[in-house]
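J.: Whatever this is, show me its structure:
(2 chains)
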Number of protein chains: 2
Amino acid sequence: MSQSVAESLAWVAVDWGSSNLRAWALDARNRVLARTDSRRGMLSLTPHDYEPELKRMIGDWLPPTGRVPVRICGMAGARQGWLEAAYLPVPTRLDDLSRGAVRPSLEDSRLEVTLLPGLCQATDDQQHGFDVMRGEETQLAGLCHAATGRDGREEALSPVTGLACLPGTHAKWAWLEEGAVTRFTTCMTGELYDLLARQSVLRHSLDHPASIDDPSDPGNRECFIAAVREINEAPAAFTARLFGLRARDLLDDGLPVGEARGARLAARLSGLVIGLELAGLQDELRLESAAARDITLIGSDTLCARYALALSTLGHTSHTLDGESAVLAGLSLANRTLSQAAMNRASGA
Amino acid sequence: MSQSVAESLAWVAVDWGSSNLRAWALDARNRVLARTDSRRGMLSLTPHDYEPELKRMIGDWLPPTGRVPVRICGMAGARQGWLEAAYLPVPTRLDDLSRGAVRPSLEDSRLEVTLLPGLCQATDDQQHGFDVMRGEETQLAGLCHAATGRDGREEALSPVTGLACLPGTHAKWAWLEEGAVTRFTTCMTGELYDLLARQSVLRHSLDHPASIDDPSDPGNRECFIAAVREINEAPAAFTARLFGLRARDLLDDGLPVGEARGARLAARLSGLVIGLELAGLQDELRLESAAARDITLIGSDTLCARYALALSTLGHTSHTLDGESAVLAGLSLANRTLSQAAMNRASGA
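T.: Below you'll find the predicted structure:
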């Protein structure tokens, strides 16, 4: 396996986040030869740890001679990461991310590492608050890139216009205009859910992770939908609704008992936090043009399905792009741009 | 000291919460002879631990003979506490709490322990969600009792009508009508602040506890007020504003540097969570009659001052009752009712 990887390896793609990293070996036509991952994200590393960790992860893939490009997006490029790739301010075209890329100095001459930058929004008004993203911009580039295919033929950025949402610990909403991010908003939804479900008084009442997709038991799904509607109508009641989950557990005879009770309440909490996020975007979602109204969700199937259900509850349509495909497509685009620039430099162009 | 306590001791008041307890020795005119506290709250105790812990706390106060009434409010009366004193459903008159009191069996015959009940709201509609309180009802009884004095003369409940707020981990808002709680709402505000400030990604950006009262630096106070206004106008933006704190720390050149920066952001977080709580009550606050519009805050000076500032920012007036005075007055009222009932039983009345 490793033998054949080394034979066909053209470059390595890495998504290096706060708490984990994923790496892919790709051939010259961007086909995945191998993949690996680890829990050694930015939060557990000092700058000197990155090169050894990278070699531990991908060392088996490398040929004995030659130089392999490694394209990295995510928190490894943060100030507290390997080497800072400063944020590019929006608006930024998604085929222009490599403009802000940086190269850490390396001990191993077989590697040529590039760290891609994130995006920032450094204005403070009601519609455009201060905001940052690092890693998601590459998935957004992948969304635009995916439209043009990744089969080795000449690739370009598709000028996507519309609204994309990347659910997660810090959910990102990005407005795209002809392949550029014009503005974005981050909601602390996933982290809020985890803190409340695992660390607050509600942990005594919830069984999580909440499942809303069991066809044999539609109760959780109904709880989720009701919570999305309820908080959308009265978002300011959020902190009261949170404690209401605990009181419901103590008092509500209408809930099932045992694990099913905790699952209902976890589905309700999920509906409250995702519903609050969507309530905050409702005015803008209503104003979007018809073409932009079909929201692109980028991420894991489970989480995207939950967001799709919440969106449809409030009258919005959406479709899903797998998160891994998106980041690979985005890194492929960056790799092509960076490799082309290197060739141009080499040929004196 | 203990000698003189034992000589004058008439009864013992205890506020036994989730994470700590406070006990007071009182004479026949409800004057405090001594006080003590410990961190051994309900969460760290099994039912068998309560009597030994109580004797460890107040043993020195007890006279060698005779029987001392001990009146306890708070989580010691919860199902997972010493012995359950079942919730009384609202509406409940605050001089009627002892109706739901229970007596655990004891080894030491010098003690006569009574656990007071909490209140519950077991209906589920938009205005009256499921809710519970345990401990705060005794402070509310104290609010009504305080109006009549605690100097040993015949005491009765003052028929207070109005709105009371008890800020804290789980902030309680109670509507009082002529000395009865007609309904109430709990907001998870304090717990939400603590989770976000100590456990979330925001912990890297905040210096807490937030101080908004330093007269030499009005910046924190201004940050707090601005956040209260902002979230009151757009409560649904809450999860976006949370992440915005982190982004502000990374990007906002207008903020001071060092600890002052973290203090500004902590004041802003405090304004966002307290402002969201008030935003949820705004419609009702506006509808309150003029007489009820002056809200009574019950609790610590610091926290009540912060709520008073948030309320005045939104155009509401308030005054403060010290939390310890309130709980002592409420337990005094319960003690009088329970002692009177015992005398009536003894005299065959």
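J.: Would you map the helices across chain A?
T.: A:2-8, A:50-58, A:136-146, A:189-199, A:219-233, A:238-251, A:259-287, A:301-313, A:323-346 (DSSP state H).
J.: Can I get the fifth one as CSV, trimmed to CA atoms?
T.: Provided in CSV are the C-alpha atoms of helix A:219-233 (Å, rounded to 0.1, in the frame of the first residue of the first chain):
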residue,chain,number,x,y,z
GLY,A,219,-41.2,11.7,19.1
ASN,A,220,-37.7,13.2,19.2
ARG,A,221,-38.1,14.6,15.8
GLU,A,222,-41.4,16.3,16.8
CYS,A,223,-39.7,17.6,20.0
PHE,A,224,-36.9,19.1,17.9
ILE,A,225,-39.3,20.7,15.4
ALA,A,226,-41.5,22.2,18.1
ALA,A,227,-38.5,23.7,19.8
VAL,A,228,-37.2,25.2,16.6
ARG,A,229,-40.6,26.9,16.0
GLU,A,230,-41.0,28.0,19.6
ILE,A,231,-37.6,29.7,19.9
ASN,A,232,-38.0,31.3,16.5
GLU,A,233,-41.2,32.9,17.7
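J.: how much does that helix deviate in direction from helix A:238-251?
T.: Angle of helix A:219-233 versus helix A:238-251, following axes from the mean of the first three to the mean of the last three CA atoms, to 10 degrees, is 150 degrees.
J.: Would you mind listing the outside residues contacting helix A:219-233?
T.: A:210-214, A:237-238, A:241, A:256, A:260, A:263-272, A:274-276, A:278-279, A:282, A:306, A:309-310, A:313-314 (CB atoms under 8 Å, 6 or more residues apart in numbering or on different chains). (Glycine included, C-beta is placed from N, CA and C.)
J.: check these against chain B, which are close?
T.: Filtering the contacts of helix A:219-233 for neighbours of chain B using CB under 8 Å from any CB of the partner chain leaves A:237-238, A:241, A:276, A:279, A:282.
J.: And the helix or strand of chain A with the lowest mean pLDDT, how far out from the chain middle?
T.: One helix or strand of chain A scores below all others by mean pLDDT, DSSP states H and E: helix A:2-8, with a mean of 82. Remark: helix A:2-8 is offset 30 Å from the chain centroid, using CA atoms, centre = their mean, to the nearest Å.
J.: just to revisit the earlier point, from the contacts of helix A:219-233, list the buried ones, please.
T.: A:210-212, A:237-238, A:241, A:263-272, A:274-276, A:278-279, A:306, A:309-310, A:313-314 (16 or more other CB atoms under 10 Å in any protein chain shown).
J.: what about the residue of chain A most remote from its centre, distance to A:Arg261?
T.: The centre of chain A is farthest from one residue, A:Asp253, which by CA atoms, centre = their mean lies 39.6 Å away. Per CB to CB, to the nearest Å, A:Asp253 is found 11 Å from A:Arg261.
J.: Show me what from the stretch 101-250 of chain A comes close to chain B.
T.: Contact residues, the stretch 101-250 of chain A versus chain B (CB under 8 Å from any CB): A:120-122, A:124, A:126, A:129-132, A:170, A:185-189, A:191-192, A:195-196, A:199-201, A:234-244, A:246-248, A:250.
J.: Let's see that with 7 Å instead.
T.: Within the stretch 101-250 of chain A, the positions near chain B by CB under 7 Å from any CB of the partner chain are A:120, A:122, A:124, A:129-132, A:170, A:185-189, A:191-192, A:195, A:199-201, A:235-240, A:242-244, A:247-248, A:250.
J.: Now for A:Thr239: which residues touch it?
T.: Counting by CB atoms under 7 Å, 6 or more residues apart in numbering or on different chains, A:Thr239 touches B:187-189, B:192, B:276-277, B:280.
J.: An error on my part: the question was meant for A:Ala240.
T.: Counting by CB under 7 Å, 6+ apart, A:Ala240 has contacts B:129, B:185-187, B:280.
J.: Sitting in strands, which of those residues do you find?
T.: B:185-187 (DSSP state E).
J.: Surely A:Leu83 touches A:Pro104?
T.: Yes. Judged on CB atoms under 7 Å, A:Leu83 makes contact with A:Pro104 at a distance of 4.3 Å.
J.: quick revisit: single out the most deeply packed of the helices of chain A.
T.: helix A:136-146 (a mean of 28; mean count of other CB atoms under 10 Å in any protein chain shown).
J.: Hey, what's the angle from that one to helix A:323-346? Just curious.
T.: Using the same axes, to 10 degrees, helix A:136-146 lies at 80 degrees relative to helix A:323-346.
J.: And A:Leu83 and A:Pro104? Which one has more around it.
T.: Shown here are A:Leu83 and A:Pro104; by other CB atoms under 10 Å in any protein chain shown, A:Pro104 has more neighbours (19 against 16).
J.: and that one, what does it touch?
T.: Counted by CB under 7 Å, 6+ apart, A:Pro104 has contacts A:82-83, A:113, A:115.
J.: so of those residues, which ones are in strands?
T.: A:113, A:115.
J.: which one of the contacts of A:Pro104 sits closest to B:Val327?
T.: A:Trp82 (55.1 Å; CB to CB).
J.: need the contact list for the closest one.
T.: Here A:Trp82 is in contact with A:47, A:50, A:76, A:104, A:115 (CB under 7 Å, 6+ apart).
J.: List just the nearest of these to B:Ser8.
T.: For these, the minimum distance to B:Ser8 (CB to CB) is 68.4 Å, reached by A:Pro47.
J.: Identify the spatial nearest neighbour of that closest one, chain neighbours not counted.
T.: Counting by CB to CB, 6 or more residues apart in numbering or on different chains, A:Pro47 lies nearest to A:Trp82, which is 5.6 Å off, once chain neighbours are set aside.
J.: cool, and A:Gly74?
T.: Nearest residue to A:Gly74, sequence neighbours excluded (CB to CB, 6+ apart): A:Gly135, at 3.8 Å.
J.: Now that neighbour: phi and psi?
T.: Backbone torsions of A:Gly135, given as degrees, to the nearest 10, read phi 120, psi -40.
J.: Return the distance of the closest residue in space to A:Arg35 that isn't next to it in sequence relative to chain B.
T.: What sits nearest to A:Arg35 in space, not counting adjacent residues and going by CB to CB, 6+ apart, is A:Trp24, at 4.9 Å. From A:Trp24 across to chain B, the span is 27 Å (CB to the nearest CB, to the nearest Å).
J.: thinking A:Trp24 is in contact with A:Thr36, fair?
T.: No. Assessed by CB under 7 Å, A:Trp24 is found out of contact with A:Thr36, at 8.2 Å.
J.: Give me the more crowded residue out of those two.
T.: Neighbours per residue, other CB under 10 Å: of A:Trp24 and A:Thr36, the larger number sits with A:Trp24, 24 against 15.
J.: Give the rounded mean pLDDT of stretch A:118-127.
T.: The average pLDDT within stretch A:118-127 is 83.
J.: ditto for stretch A:65-85
T.: Per-residue pLDDT values across stretch A:65-85 average out to 96.
J.: Just list the residues touching A:Thr185, thanks.
T.: Going by CB under 7 Å, 6+ apart, the list of residues near A:Thr185 reads A:131, A:173, B:240.
J.: And for the second one, the neighbour number?
T.: Which is A:Trp173. The local packing of A:Trp173 (other CB under 10 Å) involves 23 other residues.
J.: got the contact list for it?
T.: If you count contacts by CB under 7 Å, 6+ apart, A:Trp173 has them with A:163, A:165, A:184-185, A:281.
J.: these two touch, right, A:Gly129 and B:Leu245?
T.: No. At 9.9 Å, A:Gly129 and B:Leu245 do not qualify as touching, with contact defined as CB under 7 Å.
J.: tally of neighbours for A:Pro167?
T.: A:Pro167, neighbours per other CB under 10 Å, totals 25.
J.: Check the one 3 residues further on too.
T.: Here the number of neighbours of A:His170 (other CB under 10 Å) works out to 23.
J.: Can you tell me the closest non-neighbouring residue to it?
T.: Going by CB to CB, 6+ apart, A:His170 has A:Thr186 as its nearest residue, at 5.1 Å.
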